[in-house]
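S.K.: Predicted model and sequence below, questions to follow.
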Amino acid sequence: MDEMHATLLIVDDEKNTREGLRASLEDTFEVYVASDIGGAMSVLERESVDVVLTDLRLGGEDGMQLIDKVLALPQPPVVVMMTAYGSLDAAVEAMRRGAYDFVTKPVNIDRLEMLLLRALRSKKVEKEVVELKKQVEKRYGLERLVGESGAMQEVYDTIRQVAPTRATVLIQGESGTGKELVAQAIHALSERPKQKFVTVHCAALSAQLLESELFGHEKGAFTGAMERRIGRFEQANGGTLFLDEIGEIDQATQVKLLRVLGEERSFERVGGNTSIKVDVRLVAATNRDLAKMVEEGKFREDLFFRLSVVPLTLPPLRSRMEDLPLLVNTFLKSFSQENGKPLRELTADAMQAILNYSWPGNVRELRTAIEHGVVMASGPKITLRDLPMKIRQNPQGDSSLRGKVPTSWGAGKGERFNLHLTEDRLISQALDETGGNVTAAAKQLGISRRTLHRRLKEMRAKSEG
């Protein structure tokens with residue numbers, strides 16, 4: 001938020017007052033004006049405003065109502081109230097509702113300008129704190145999860161909400177949707193990020209080996225147990241234990257898990273009789289329908305309830321196809337750097353093949369396909385020939401997906417497919433269809449209003465450059 005380019009919205013029902021304030025402040029701010037609440041909200045829908053200066057009396061409307069509406073926005077600007085009815089009660093009420101400060105009419109322009117700049121700096125500091133928190137989150141928590149669709153935003157919100165707690169989380173979703181990455185993000189954003197994150201892939205072990213892997217064993221507990229072994233629960237003490245493919249464990253192990261998830265938080269090593277207490281945050285994952293397995297008697301209902309204190313379901317890639325350009329771009333950049341190839345784009349027919357494919361292996365399969373394309377590419381871009389055979393031999397794709405893929409995603413015949421250009425086209429199309437309504441366009445695109453504003457600024461910067 002640069003003070004040299006800060007934006008100010010003046011809301012006053014008296015034309016002479018608002019135009020006078022505009023003339024006095026436009027050397028310092030980029031100024032917008034409105035005469036009522038409806039006009040003010042219309043400006044805020046279209047523009048990114050840093051500070052709102054509003055009168056208490058707006059004709060037949062109450063400026064306090066505007067404060068409530070402004071501060072309810074996803075990215076609220078700073079609000080300063082002004083009034084000729086300078087009562088202390090009004091000032092207190094404005095501040096209580098969230099206004100930064102309060103001025104009385106007639107307004108001293110020099111003092112008002114200083115107040116607005118101070119409010120702007122306060123907002124800048126607040127924004128920097130939020131951005132710093134996001135950077136920390138990006139660096140240590142959600143940086144490996146890619147997607148801006150509405151479905152992924154819900155996933156991010158759940159992760160942020162549950163991570164600081166001690167609740168057990170059950171992550172459900174098809175293979176390849178990123179369940180282990182979500183578990184790692186929960187650990188990284190928890191109150192124990194410096195402690196161990198221990199993973200057990202339950203389907204890879206037999207029942208006896210899994211029990212020993214989880215709880216450890218004493219020397220001589222079974223043939224081949226030549227010494228005491230510390231299990232994964234003890235290894236994860238103080239940290240997080242991630243049990244992947246939890247639906248594959250046998251009934252006997254399920255019973256033992258129940259005990260360690262109970263109030264006692266204790267277990268015994270295989271072949272031992274000493275109770276061991278641990279402090280472990282448990283996160284489990286499965287690609288199976290545990291509720292159905294409970295009905296079929298294959299999974300204990302009481303264990304299911306203890307595991308799913310907070311259930312989190314990851315969407316398959318086919319249900320968030322709007323994330324494809326971002327995912328492709330991310331993997332393309334990563335594998336190009338890894339393999340020393342300066343590839344930045346795909347040809348139109350290569351990207352169309354990616355759009356046509358149904359991705360049964362989800363993000364994991366897409367990642368592998370892009371890596372394959374980077375490795376096989378002999379030119380400056382990935383062509384259809386560079387993609388795996390099953391993708392390039394699927395020209396028509398899954399007919400159920402065609403309506404979900406905007407036709408404007410594909411580049412013209414013979415045109416190189418540029419990912420940023422495609423995103424720009426999608427944004428322009430959404431704005432055209434919504435009559436320039438940023439909120440509606442963001443909803444249609446499946447991204448946040450803030451993300452859309454950021455992309456619009458980037459688009460304007462490119463056009464001006």
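M.R.: Great, that's in hand.
S.K.: Now whatever helix or strand I391 lives in - C-alpha only, CSV.
M.R.: In this structure, I391 sits in helix 389-392 according to DSSP states H and E. Taking Å, rounded to 0.1, in the frame of the first residue of the first chain, the C-alpha atoms of helix 389-392 are listed here in CSV:
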residue,chain,number,x,y,z
MET,A,389,0.6,-42.2,-24.6
LYS,A,390,-2.7,-42.6,-22.7
ILE,A,391,-3.2,-38.8,-22.5
ARG,A,392,-2.4,-38.1,-26.2
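S.K.: buried set for that helix?
M.R.: Across helix 389-392, burial judged by 16 or more other C-beta atoms under 10 Å covers 391-392. Where you see a C-beta, it was placed from the backbone N, CA and C, and this is true even at glycine.
S.K.: for that helix, packing partners?
M.R.: Under the contact definition 3 or more C-beta pairs under 8 Å, 6 or more residues apart in numbering; DSSP states H and E, helix 389-392 sits against helix 348-356.
S.K.: now the helix it packs on, how far from the chain's geometric center?
M.R.: 26 Å (C-alpha atoms, centre = their mean, to the nearest Å).
S.K.: CA atoms only for that helix, dumped as PDB, please.
M.R.: Extracted as PDB, the C-alpha positions of helix 348-356 are listed here (Å, rounded to 0.1, in the frame of the first residue of the first chain):
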ATOM      1  CA  ALA A 348      -2.300 -25.800 -27.900                       C
ATOM      2  CA  ASP A 349      -2.900 -29.400 -28.800                       C
ATOM      3  CA  ALA A 350      -0.900 -30.600 -25.800                       C
ATOM      4  CA  MET A 351      -2.900 -28.500 -23.400                       C
ATOM      5  CA  GLN A 352      -6.100 -29.500 -25.100                       C
ATOM      6  CA  ALA A 353      -5.200 -33.100 -24.500                       C
ATOM      7  CA  ILE A 354      -4.600 -32.300 -20.800                       C
ATOM      8  CA  LEU A 355      -8.000 -30.600 -20.700                       C
ATOM      9  CA  ASN A 356      -9.700 -33.600 -22.400                       C
END
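S.K.: and after that helix, which helix or strand comes next?
M.R.: helix 362-376.
S.K.: That following helix packs against which elements?
M.R.: Helix 362-376 packs on helix 324-339, helix 348-356, going by 3+ C-beta pairs under 8 Å, 6+ apart.
S.K.: just so I know, which of those helices lies nearest P106?
M.R.: Closest to P106 of those is helix 324-339 (C-beta to C-beta; 52.2 Å).
S.K.: Flag every buried residue along the closest one.
M.R.: For helix 324-339, the neighbour count (16+ other C-beta under 10 Å) marks 324-332, 335-336 as buried.
S.K.: just stretch 336-351 next, same as before
M.R.: Within stretch 336-351, the residues that count as buried by 16+ other C-beta under 10 Å are 336, 341, 343-351.
S.K.: need the contact list for V255.
M.R.: R300 (C-beta atoms under 8 Å, 6 or more residues apart in numbering).
S.K.: Name the SS class of it, please.
M.R.: Three-state assignment for V255 (DSSP: H, G, I helix; E, B strand; the rest coil): helix.
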